[in-house]
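In: Any chance you could fold what I've pasted below:
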Amino acid sequence: MKTLALNSSPHRDRGGTGRVLAPLVEGMRAAGAEVELAYPDGMKVGYCRGCYHCWTATPGPVRPAG
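Out: Modelled structure (predicted):
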């Protein structure tokens, strides 16, 4: 099973969200899950304009730029 865990806290692993998320992620990995931990607060995330350019130019999964 593939899982994406998001920690949006500006305190990352030192804050309450990180302390709750760490044992959850650890348990999922111990059970055989492939877990990716992402920190959206450090990402440059744009908004969707609904133009469908991502679908027509690069069919398939949308990948982060650069």
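In: Residues touching the longest helix along the chain, excluding its own?
Out: Using DSSP state H, we find that the single longest helix of the chain is helix 16-30. Helix 16-30 has contacts (C-beta atoms under 8 Å, 6 or more residues apart in numbering) with 3, 5, 7-9, 11-13, 35, 37. Placement of C-beta: from N, CA and C, glycine included.
In: From the chain's centroid, how far away is that helix?
Out: 14 Å (C-alpha atoms, centre = their mean, to the nearest Å).
In: Look at residue 46 and tell me its secondary structure.
Out: In three-state terms, and counting by DSSP: H, G, I helix; E, B strand; the rest coil, residue 46 is coil.
In: so how far is residue 27 from it?
Out: 33 Å (C-beta to C-beta, to the nearest Å).
In: Next: residue 48.
Out: Distance, residue 48 to residue 27, by C-beta to C-beta: 33 Å.
In: Out of those two, name the residue with the larger neighbour count.
Out: Neighbours were tallied for residue 48 and for residue 27 using other C-beta atoms under 10 Å; the higher tally belongs to residue 27 (11 against 8).
In: do you know how far that one is from residue 11?
Out: Residue 27 is 22 Å from residue 11, by C-beta to C-beta.
In: ok, now residue 53?
Out: 35 Å.
In: the more surrounded of those two?
Out: residue 11 (12 against 9).
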